[in-house]
Structure formats: structure tokens, C-alpha cells
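>>> I need the structure of the sequence given here:
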Amino acid sequence: MPGPSVTIQLPYASRVLVQAFVNAASIQRFTITPAGRDAIVITGNGYYDTPAGSTIIDTPAGGPSPLGASVTIAIEHSADAGRTWQASRVDAVGCQLMYSNLAVIASEDSGGDTWCAATVLFSWTSVPANIGRTPASEPADGAHYHGRA
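Sure thing, here's the model as predicted:
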């Protein structure tokens, strides 16, 4: 359900590329807050998916949640050059193709329901721990190669 912010889970011990894009005349402000860390703030305006900024998030090696490292994303817009800000509606979806992962956060800053005013992408690669291993390099029973303990 769209709200003023969303929280996504990123895998532990990963390097995640964050890219923000805008498609609106009003200034868009992205506030990206990894759990336990300072917020990353990106602002911009423009049309046709104008890049607003990018950064890298290195997630911690581990943490309290079995789901991964939490990151909260809020998107706001300003029609008066940043003097006042209003919360945009924000929603998220994720997908995976082979080892490539993508989380997409989109926002709506008015009643037009176009959901394209501001978009932020989180992308990372999740390579299985046993990639590159062969049965010959594993114990005789093949336990590790086949994912068994």
C-alpha cells in the first residue's frame, strides 16, 4: 500500500548501487536511510528521467533481521523551490534475474497517478557462495556442493 515512505531489505555484506531519477518540474527530495546510519539526501528536478544523483551503500556483514539490512526511503516534493516540502506517495517492487537484483521505488507527487515524478533504483548482484566450485573440490559426499549441511 503506497504511503509516505517504504522500507526495503537489502542483503547483508553487499555493495548496492543507488540511482535516483526525476521526471517533474517541482523539486524532488529523496531521503534514503539505512538502519543505524545517517540519511543520504538527493534532490533534483527535470523531465525525461533526469539523473538526480547516485551513491553506493555497503550493507553490514550481519544484523538482527534474518531478512537483511533495512533501508527506509521517503520522497518529498516542493513547488516553492524547497521552502516547504510535502510527502509524496511512495511504493516499491523488487525483482531478480539470475544473480542480478533490482528494487524500484516510485513516487506520485500529485493527483495525476502517473507514478513517475521520482524513481530510485537499488541494484546489486547476489552470487551464490558455491559458484565456481566443482564436485572435485568438495567433500567426498558432496554435501557442500549440493547445498546440504
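
>>> enumerate every residue touching the residue nearest to Ala87 when sequence neighbours are not counted.
Nearest residue to Ala87, sequence neighbours excluded (CB to CB, 6 or more residues apart in numbering): Pro4, at 3.9 Å. C-beta: built from backbone N, CA, C; applies to glycine. Residues in contact with Pro4 (CB atoms under 8 Å, 6 or more residues apart in numbering) are Ala74, Ala87, Ser88, Arg89, Val90.

>>> again, but for Ala92
Val6, Ile8, Ile73, Ala103, Val104, Ile105, Ala106.

>>> likewise for Phe21?
By CB under 8 Å, 6+ apart, the neighbours of Phe21 are Asp49, Thr50, Pro51, Ala52, Ala118, Thr119, Val120, Leu121.

>>> go again with 7 Å.
Listed by CB atoms under 7 Å, 6 or more residues apart in numbering, the contact set of Phe21 reads Asp49, Thr50, Pro51, Ala52, Thr119.

>>> residue nearest the centroid of this structure?
By CA atoms, centre = their mean, the chain has its centre lying nearest to Phe122, at 3.3 Å.

>>> circling back: out of the contacts of Pro4, which end up buried?
Neighbour-count burial (16 or more other CB atoms under 10 Å) is assigned, among these, to Ala74, Ser88, Arg89, Val90.

>>> Val22: which of these is nearest?
Nearest to Val22 out of the buried ones among the contacts of Pro4 is Ser88 (CB to CB; 11.2 Å).

>>> and the pLDDT for the closest one?
You'll see Ser88 listed with a pLDDT of 95.

>>> verify the contact between it and Glu108 for me.
Yes - using CB atoms under 7 Å, Ser88 and Glu108 qualify as a contacting pair, with a distance of 6.1 Å.

>>> what about the strands in this structure?
Along the chain, counting by DSSP state E, strands occupy 5-10, 15-34, 40-58, 69-78, 86-87, 89-97, 100-108, 118-125.

>>> perfect, that will be all.
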